[in-house]
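A.B. asks: sharing a model prediction with you, sequence too.
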Amino acid sequence: MTSLIIVGAGGRMGTMIRNMAKADAAYTLVGLVERTEYSSALQAENCPASNNLADLLPAHKDAVVIDFTAPEVSLANARLCAQSGNAIVIGTTGFTEEQKASLAECAAKTRVFWSPNMSVGVNVLLKVLPELVRLLGEKYDLEMVEMHHNKKKDAPSGTALRIAEELAKARDWNLSEVACCQREGIIGERPHKEIGIQTIRGGDVVGVHTVYAMGPGERIEVTHQAHSRETFAAGALRAAEWLFTQNAGTLYTMSHML
Ligand code: NAD
């Protein structure tokens, strides 16, 4: 049985993970962390709660922390776990390169798992798309459109950036040099060495990513649609169980687990 402390326990992902963990005998909830002003939803839970992860770690050395919050919060919690030795699964997106480097430093000291998308489908796509790009050859233009709900804070999505990273690698390109996240005005012809990533926000869309490979006389469109947050929550719970048995030293991702 895996003991869990959920951070952001009152949020969209935290609520889904909390409810799925309660319904599964493989997990025990030992702590919930949420900002005071958002913690009313947790009062009905028969579980210690706090607005600070540091309050709960000393009594639960074996607990795996699951954190879906915001980059600066998740990084601070990874640092706390690096001190306490707890394992931590992070699903938060929007980390800067510096913050990702700091996460890797924490991973040298304790077990850290981070994935911007915990669904099996997206992670299979990450393996398959580079092969598609290589097989098509250099002539095909690569573009992506991502669509999410109107509460999402970061753009492009962490998943879109992760997919774009793999597309760029398949062409031996550096994503930071070829990503084009905005077009407006007289922009001229599309440079070949470019990966367009366009963002749509609205309603309650859980997450849609479409990659376009556009060549002479044809195009391929590959779409992943998340129908519910359940797929991400299931991935996070599976990651927590898996991470518990791993050793520190690697910043683990879904590809390590799958
Ligand atoms: P949300 O806003 O619904 O939930 C975040 C929760 O974190 C909120 O309840 C907020 O009060 C809480 N929080 C913020 N600061 C906190 C702090 N200091 N201490 C404790 N709690 C704090 O957002 P969400 O839709 O659940 O998404 C959260 C993050 O997860 C985002 O970065 C999102 O992009 C990412 N996400 C990742 C995946 C994935 O598969 N990896 C899937 C969906 C969402």
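C.D. replies: Sure thing, it's come through.
A.B. asks: and the pLDDT at the residue of the chain found nearest the ligand?
C.D. replies: Distances between the chain and the ligand by C-beta to the nearest ligand atom are smallest at residue 11, namely 2.0 Å. C-betas here are computed from N, CA, C, even on glycine. Model confidence at residue 11, expressed as pLDDT, equals 95.
A.B. asks: for residue 22, same thing?
C.D. replies: 96.
A.B. asks: surely it and residue 16 touch.
C.D. replies: No. Taking contacts as C-beta atoms under 8 Å, residue 22 lies outside contact range of residue 16: 11.1 Å.
A.B. asks: tell me which of those two has more neighbours.
C.D. replies: Taking neighbours as other C-beta atoms under 10 Å, residue 22 and residue 16 compare with residue 16 leading, 20 against 14.
A.B. asks: mind listing what that one touches?
C.D. replies: 229, 230, 232, 233 (C-beta atoms under 8 Å, 6 or more residues apart in numbering).
A.B. asks: check which helix or strand covers it.
C.D. replies: helix 12-22 (DSSP states H and E).
A.B. asks: what do you get for residue 231?
C.D. replies: Residue-wise, residue 231 maps onto helix 230-244 under DSSP H and E.
A.B. asks: likewise for residue 197?
C.D. replies: Residue 197 belongs to strand 195-201, assigned by DSSP H and E.
A.B. asks: run the chain-centre distance for that strand.
C.D. replies: Centroid separation for strand 195-201 versus its chain: 17 Å, with C-alpha atoms, centre = their mean, to the nearest Å.
A.B. asks: sheet partners, orientation included, of that strand?
C.D. replies: Sheet pairing here is set by DSSP bridges, and for strand 195-201 it gives strand 141-148 (parallel), strand 179-180 (parallel).
A.B. asks: now do the buried residues in the first one.
C.D. replies: Read it as strand 141-148. 142, 143, 144, 145, 146, 147, 148 (16 or more other C-beta atoms under 10 Å).
A.B. asks: dump that strand to PDB, restricted to CA.
C.D. replies: The C-alpha trace of strand 141-148 is given here as PDB (Å, rounded to 0.1, in the frame of the first residue of the first chain):
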ATOM      1  CA  ASP A 141       6.400  21.500 -42.400                       C
ATOM      2  CA  LEU A 142       5.600  20.800 -38.700                       C
ATOM      3  CA  GLU A 143       2.900  22.700 -36.800                       C
ATOM      4  CA  MET A 144       0.900  22.100 -33.700                       C
ATOM      5  CA  VAL A 145      -2.400  23.400 -32.200                       C
ATOM      6  CA  GLU A 146      -3.200  22.900 -28.500                       C
ATOM      7  CA  MET A 147      -6.600  23.600 -26.900                       C
ATOM      8  CA  HIS A 148      -7.300  23.800 -23.200                       C
END
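A.B. asks: ok so residue 212 is a helix residue?
C.D. replies: No. Assigned with DSSP: H, G, I helix; E, B strand; the rest coil, residue 212 falls outside any helix and is strand.
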